[in-house]
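In: my questions are about this predicted structure, shown below with the sequence.
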Amino acid sequence: MARRTLNHKALRADFEAAERKKQEATGETSDQTDEVEAGADDAEAGEAAPKKKRKPAAPKEARPKRTRTPKVVRQRVIWGVFNNSNARVQTFPYPQKQEADDYAKKMMADKGTTFFVQPIKEPIEEKKDL
């Protein structure tokens, strides 16, 4: 079964014809109903009319963003002797690089595994005098 498509223009025309017959039976003319409908539209528009547009606010001056300076942490470099699994075995002050290399060679000879020397940066703890 096929559905038949509705003709909306024909349906609208039938509805308007029925409305005209109803108006003639009550004695109203189409001019009076137009005025009533127009008055209703004006009343709706009248309710919306009191809304006033706001003036755009004056642009505010942009403040410069406050940036916080990071706390400067002083660091020192030391030499660290590490084993093959990157575990620190021994540390030496920066001027003693030769001693750190000698220690790594001695440990490789004694243990038979790999040891290496690498620089490490660590923060300096500053003493506060009271």
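Out: Perfect, thanks for sending it. Residues are numbered from 1 along each chain as shown.
In: would you say Pro119 is within a strand?
Out: Yes - the assignment for Pro119, made by DSSP: H, G, I helix; E, B strand; the rest coil, places it in a strand.
In: who's it bridged to?
Out: On the basis of DSSP bridges, Pro119 is bridged to Trp79.
In: can you give me the helices in this protein?
Out: 8-26, 30-48, 97-111 (DSSP state H).
In: least reliable of those by average pLDDT, please.
Out: Per-segment confidence across those bottoms out at helix 30-48, which has a mean of 52 in mean pLDDT.
In: so how many other residues sit close to the spatially closest residue to Val117 that is not a sequence neighbour?
Out: Distances taken as C-beta to C-beta, 6 or more residues apart in numbering put Ala100 closest to Val117, at 4.8 Å, once the chain neighbours are dropped. The C-beta positions use only the backbone N, C-alpha and C, and glycine is treated the same way. In terms of burial, Ala100 registers 22 neighbours under the definition other C-beta atoms under 10 Å.
In: and Thr91, by the same measure?
Out: 13.
In: which ones are touching it?
Out: 78-81, 120 (C-beta atoms under 8 Å, 6 or more residues apart in numbering).
In: that older thread, touching, the residue nearest to Val117 and Arg88? I think so.
Out: No - in this structure, Ala100 is not within contact of Arg88 by C-beta atoms under 8 Å, at 11.6 Å.
In: can you count the residues close to the nearest residue to Gly80 once chain neighbours are set aside?
Out: In space, Gly80 comes closest to Ile120 once its chain neighbours are excluded; the distance is 4.5 Å by C-beta to C-beta, 6+ apart. Neighbouring residues of Ile120 were enumerated by other C-beta under 10 Å; the total is 14.
In: surely Ile120 meets Val77?
Out: Yes - taking contact to mean C-beta under 8 Å, the distance of 7.0 Å between Ile120 and Val77 places them in contact.
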